[in-house]
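Asker: Generate a structure from the sequence data that follows.
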Amino acid sequence: MPSACALSNQAAVELKQPAALLNFQKWLEAKDCYVFTINGFSLRQISRHPREGAGFTCRIGLRLKRVAYTNLLFDLLVELLPKESEGSVSTVPCGF
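Answerer: Sure thing, here's the model as predicted:
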């Protein structure tokens with residue numbers, strides 16, 4: 001049965017380390033599991049402003065961090081996704 005959880009920036013940075021990534025890949029194989037999607041949640045500094053309804057806003061520096069975090073999630077997905085498979089990254093945009 002599929003299971004989902006969000007991967008924080010800190011966890012993603014730690015998982016990107018070669019030894020950690022290899023250990024996780026081995027664990028996935030031993031458990032007959034695979035990763036087909038990664039859920040990345042918003043950075044803490046992104047805040048909701050009541051006057052803007054349900055929209056999120058963030059400064060340019062945070063946008064750059066969001067882009068780096070999202071790219072890291074895709075880099076990890078490339079390493080974890082089974083060959084010949086499609087995958088996805090689900091994340092909150094910085095603004096809309």
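Asker: quick one, phi psi at Leu22?
Answerer: phi -60, psi -40 (degrees, to the nearest 10).
Asker: And it, how close does it get to Asn71?
Answerer: 21 Å (C-beta to C-beta, to the nearest Å). In this view, the C-beta of every residue, glycine as well, is placed from N, C-alpha and C.
Asker: again with Leu64
Answerer: Using C-beta to C-beta, one gets 11 Å for the distance from Leu64 to Asn71.
Asker: Check Asn23 too.
Answerer: For Asn23 relative to Asn71 (C-beta to C-beta), the value is 23 Å.
Asker: and Glu79, that's in a helix?
Answerer: Yes: assessed with DSSP: H, G, I helix; E, B strand; the rest coil, Glu79 lies in a helix.
Asker: Pull the number of nearby residues for it.
Answerer: By other C-beta atoms under 10 Å, 14 other residues sit near Glu79.
Asker: For it, which non-adjacent residue is closest in space?
Answerer: Excluding the flanking residues, the one nearest Glu79 by C-beta to C-beta, 6 or more residues apart in numbering is Leu21, at 6.0 Å.
Asker: All the strands of this structure, residue numbers only.
Answerer: 37-40, 47-48, 56-57, 88-91 (DSSP state E).
Asker: Out of these, name the one with the poorest average pLDDT.
Answerer: The minimum mean pLDDT among the strands of the chain belongs to strand 47-48 (a mean of 48).
Asker: Residue ranges in this structure under the pLDDT threshold?
Answerer: Scanning the chain with the threshold set as pLDDT under 70 gives 1-5, 42-61, 92-96.
Asker: can you give me the helices in this structure?
Answerer: Ranges of helices within the chain are 9-15, 18-30, 60-80, based on DSSP state H.
Asker: contacting residues for the nearest residue to Leu72 once chain neighbours are set aside?
Answerer: Excluding the flanking residues, the one nearest Leu72 by C-beta to C-beta, 6+ apart is Ala12, at 4.9 Å. The contact partners of Ala12, by C-beta atoms under 8 Å, 6 or more residues apart in numbering, come to 40, 69, 72-73, 76.
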